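Peer 1: Sequence first, then the predicted structure:
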Protein chains: 2
Amino acid sequence: VIEFDRYATDREALLASLVAERGLVPIHPYDDERVMAGQGTVALELLEQAGPLDVLLVCVGGGGLIAGCATAAKALDPRIRVVGVEPEAGDDVRRSLAAGERVRIPVPRTIADGQQLPIPGELTFPVIAERVDEVVLASDAEIVAAMRLLFERLKTVAEPSGACALAALLAGRIDARGLRVGVTISGGNVSAERFAALVG
Amino acid sequence: VIEFDRYATDREALLASLVAERGLVPIHPYDDERVMAGQGTVALELLEQAGPLDVLLVCVGGGGLIAGCATAAKALDPRIRVVGVEPEAGDDVRRSLAAGERVRIPVPRTIADGQQLPIPGELTFPVIAERVDEVVLASDAEIVAAMRLLFERLKTVAEPSGACALAALLAGRIDARGLRVGVTISGGNVSAERFAALVG
């Protein structure tokens, strides 16, 4: 494990230098078609188990999960609306979709540390641009409220980024009345102390 | 919902007076053979899914869960060792087993609020005496450690009483080396704030 300052260091550059120095084989967390396809099985399983949905809400960080999920979901049902959710402070994918090209922002300051990325993936962005209908935002407070609901009602632990899509739904960021909505809850990398600090 | 002071009021007497006054039908949380039988399906399902076990650890409050689980487990496999777990401060069942009769203790002061009972159930105790091999204890600190592990590794929320059996196992309160051990995790009635206060 190599630690670095997220705000001061370009992690892609760090990765490239490690690969060059040590002859490592990089496994990218999202910008790899095999990773995107694997993460897309989330939507595949969800639709197989839940049946048809009107809307699928997916947390967006680097975009691997939503690129795969949108591909799987639209292949099964072209009418499904795939909506990405980013934290308010880190809306690089939403901005990029509006601009029609990948936009870089400063590393966002948000509790959703799985989404503290400055730019959409090179491979994920074209898939998102083609298959994702919309990206909406959730605030940090809305994310904490979703984490709390998951904890108290579903007895499930989600990290901030993993609860982001549910946060947008609960906060009314999309109009879901009368619709069948699927929500990804992705990631539980949150320590008990960190959770305590967030909800306390 | 009728609130009362757990330390100042006898809840059984309160229940009896409400039943008498209002003609209510009481549904006891443990001292009812139907409740015990229903809770015993926990062990039934566990053994059906996990296969044979050497030891089954069960949280003990009023004793409904363990009475039912011991009945089911021993019926399926008489060799299985059924071990109850109480919080250190509330060891009324352990004391009662040692005394050979139901022993009343002051309402225990423990974080395990589902086990703050002063005396074993009238119907549960004879079943426990016949079918439970042993009762061991877990401290409040050991219970918090188990809640933390469930949260961080299993992404599962358990209340203190629900994590009590796992706490005893993790703390080495029984010798489980080389054995197949089943553990009940029962109850998630803990608010995010309470959890934060406990682990913070």
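Peer 2: On my side now, so go ahead.

Peer 1: Can you give me the neighbour number for residue A:156?
Peer 2: 18 (other CB atoms under 10 Å in any protein chain shown). All C-beta atoms are positioned from the backbone trio N, CA, C, and that covers glycine.

Peer 1: which residues does it form a beta bridge with?
Peer 2: Counting by DSSP bridges, residue A:156 is bridged to residue B:156.

Peer 1: residues in contact with it?
Peer 2: Residue A:156 makes contacts with A:150, A:185, B:155, B:156, B:157, as judged by CB atoms under 8 Å, 6 or more residues apart in numbering or on different chains.

Peer 1: need those residues in CSV with distance to residue A:69 and pLDDT, can you?
Peer 2: Shown next, in CSV, are the contacts of residue A:156 (distance: CB to CB, whole Å; pLDDT from 0 to 100):
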residue, distance to residue A:69, pLDDT
A:150, 19, 98
A:185, 13, 96
B:155, 20, 97
B:156, 25, 97
B:157, 26, 97
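
Peer 1: Derive a PyMOL selection command for the buried subset of the residues you listed.
Peer 2: For the buried members of the contacts of residue A:156, the matching PyMOL selection, counting by 16 or more other CB atoms under 10 Å in any protein chain shown, is:
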select buried, (chain A and resi 150+185) or (chain B and resi 155+156+157)
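
Peer 1: need the contacts of residue A:156 in TSV with distance to residue B:76, can you?
Peer 2: As requested, the contacts of residue A:156 are exported to TSV (distance: CB to CB, whole Å):
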residue	distance to residue B:76
A:150	35
A:185	35
B:155	30
B:156	26
B:157	29
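
Peer 1: which one of the contacts of residue A:156 sits closest to residue B:83?
Peer 2: Closest approach to residue B:83 among these (CB to CB): residue B:156, at 21.4 Å.

Peer 1: Can you pull the residues of chain A lying near chain B?
Peer 2: Within chain A, the residues that sit near chain B (CB under 8 Å from any CB of the partner chain) are A:147-148, A:151-152, A:155-158, A:188, A:191-193, A:195-197, A:199-200.

Peer 1: All the strands of chain A, residue numbers only.
Peer 2: Along chain A, the segments classed as strands by DSSP state E run A:55-59, A:81-87, A:134-138, A:181-183.

Peer 1: for chain A, which residue is closest to the average position?
Peer 2: residue A:60 (2.4 Å; CA atoms, centre = their mean).

Peer 1: quick one on the thing from earlier: which of the residues of chain A next to chain B are buried, as a PyMOL select command?
Peer 2: PyMOL command restricting these to the buried ones, with burial defined by 16+ other CB under 10 Å:
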select buried, chain A and resi 147+148+151+152+155+156+157+158+188+192+195+196+199
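
Peer 1: Report pLDDT for residue A:169.
Peer 2: With respect to pLDDT, residue A:169 scores 98.

Peer 1: how near is it to chain B?
Peer 2: According to CB to the nearest CB, to the nearest Å, residue A:169 and chain B sit 19 Å apart.

Peer 1: contacting residues for that residue?
Peer 2: Contact analysis of residue A:169 by CB under 8 Å, 6+ apart lists A:57, A:176, A:181, A:183.

Peer 1: What is the burial count for the last one?
Peer 2: So that's residue A:183. Neighbour number of residue A:183 under other CB under 10 Å is 24.

Peer 1: Over to the second one?
Peer 2: By the measure other CB under 10 Å, the count of residues near residue A:176 is 17.

Peer 1: In this structure residue A:150 contacts residue A:183, no?
Peer 2: No. Taking contacts as CB atoms under 8 Å, residue A:150 lies outside contact range of residue A:183: 10.4 Å.

Peer 1: circling back: in helices, which of the residues of chain A next to chain B appear?
Peer 2: A:147, A:148, A:192, A:193, A:195, A:196, A:197, A:199 (DSSP state H).

Peer 1: I figured the fourth one hits residue B:200, correct?
Peer 2: Yes. Judged on CB under 8 Å, residue A:193 makes contact with residue B:200 at a distance of 7.0 Å.

Peer 1: Need the residues touching each of those two.
Peer 2: By CB under 8 Å, 6+ apart, no residue touches both residue A:193 and residue B:200.

Peer 1: tell me which of the contacts of residue A:156 is nearest to residue A:39?
Peer 2: Distances from residue A:39 to the contacts of residue A:156, taken by CB to CB, are shortest for residue A:185, at 13.5 Å.

Peer 1: buried residues in the top helix by length along chain A?
Peer 2: As assigned by DSSP H, the longest helix anywhere in chain A is helix A:33-50. Taking 16+ other CB under 10 Å as the neighbour-count basis, helix A:33-50 is seen to contain the buried residues A:35, A:36, A:39, A:40, A:42, A:43, A:44, A:46, A:47.

Peer 1: Closest one of those to chain B?
Peer 2: Closest approach between the buried residues of helix A:33-50 and chain B, by CB to the nearest CB: residue A:42, at 15.7 Å.

Peer 1: Surely the closest one and residue A:187 touch.
Peer 2: No. Using CB under 8 Å, residue A:42 makes no contact with residue A:187, being 11.5 Å away.

Peer 1: Out of the helices and strands in chain A, which is least certain?
Peer 2: Sorting the helices and strands of chain A by mean pLDDT, DSSP states H and E puts helix A:11-22 at the bottom, at a mean of 92.

Peer 1: from the middle of its chain, how far away would it be?
Peer 2: The chain centroid and the centroid of helix A:11-22 are separated by 24 Å under CA atoms, centre = their mean, to the nearest Å.

Peer 1: Provide the contact partners of that helix at residue level.
Peer 2: A:2, A:4, A:24, A:25, A:26.

Peer 1: From chain B, how far out is the second one?
Peer 2: Okay, so that is residue A:4. Counting by CB to the nearest CB, the gap from residue A:4 to chain B is 23 Å.

Peer 1: what's the closest non-adjacent residue to that residue?
Peer 2: residue A:14 (5.9 Å; CB to CB, 6 or more residues apart in numbering or on different chains).

Peer 1: With the fourth one instead?
Peer 2: Residue nearest to residue A:25 in three dimensions, not counting chain neighbours: residue A:19, with 7.9 Å by CB to CB, 6+ apart.

Peer 1: That neighbour: neighbour count?
Peer 2: By other CB under 10 Å, neighbour count at residue A:19 equals 12.
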